[in-house]
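Peer 1: One predicted model, sequence on top.
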Amino acid sequence: MNGEINIEEEKTDIKNIFEQKAKYEMNFKNVKGQKAVKRALEVAAAGRT
């Protein structure tokens with residue numbers, strides 16, 4: 001009771017998190033012949049975390 005709390009270290013599986021986030025329902029094969037749209041999607045995706 002000296003004002004200190006022991007907190008256990010939390011381990012994070014970074015590889016698993018990235019694998020889960022890398023699953024998409026759509027991909028570029030659904031966007032055909034529209035270079036401007038593909039570029040806009042790339043720019044939008046780059047801003048996501």
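Peer 2: Now that the structure is in, tell me what you want to look at.

Peer 1: From here on, just use CA atoms for contacts and neighbour counts.
Peer 2: Will do.

Peer 1: Show me where this protein has its helices.
Peer 2: 14-21, 35-46 (DSSP state H).

Peer 1: Next, format these as JSON lines and append distance to Glu4.
Peer 2: As requested, those are exported to JSON lines (distance: least, Cα to Cα, whole Å):
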{"stretch": "helix 14-21", "distance to Glu4": "30"}
{"stretch": "helix 35-46", "distance to Glu4": "42"}
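
Peer 1: Of these, flag the one that's most buried.
Peer 2: helix 35-46 (a mean of 11; mean count of other Cα atoms under 10 Å).

Peer 1: gap between Lys15 and Gly3?
Peer 2: The gap separating Lys15 from Gly3 is 36 Å, by Cα to Cα, to the nearest Å.

Peer 1: picking up where we left off before, out of the helices of the chain, nearest to Ile7?
Peer 2: Ile7 lies closest, by Cα to Cα, to one member of those: helix 14-21, at 20.8 Å.

Peer 1: Low-confidence ranges, the protein, go.
Peer 2: 1, 26, 28, 30-31, 48-49 (pLDDT under 70).

Peer 1: now with 80?
Peer 2: 1-2, 20-34, 38, 47-49 (pLDDT under 80).

Peer 1: hmm, back to that, to Asn27, which of the helices of the chain lies closest?
Peer 2: helix 35-46 (10.1 Å).

Peer 1: Kindly spell out which helices and strands sit in contact with the closest one.
Peer 2: The helices and strands touching helix 35-46, judged by 3 or more Cα pairs under 8 Å, 6 or more residues apart in numbering; DSSP states H and E, number zero.
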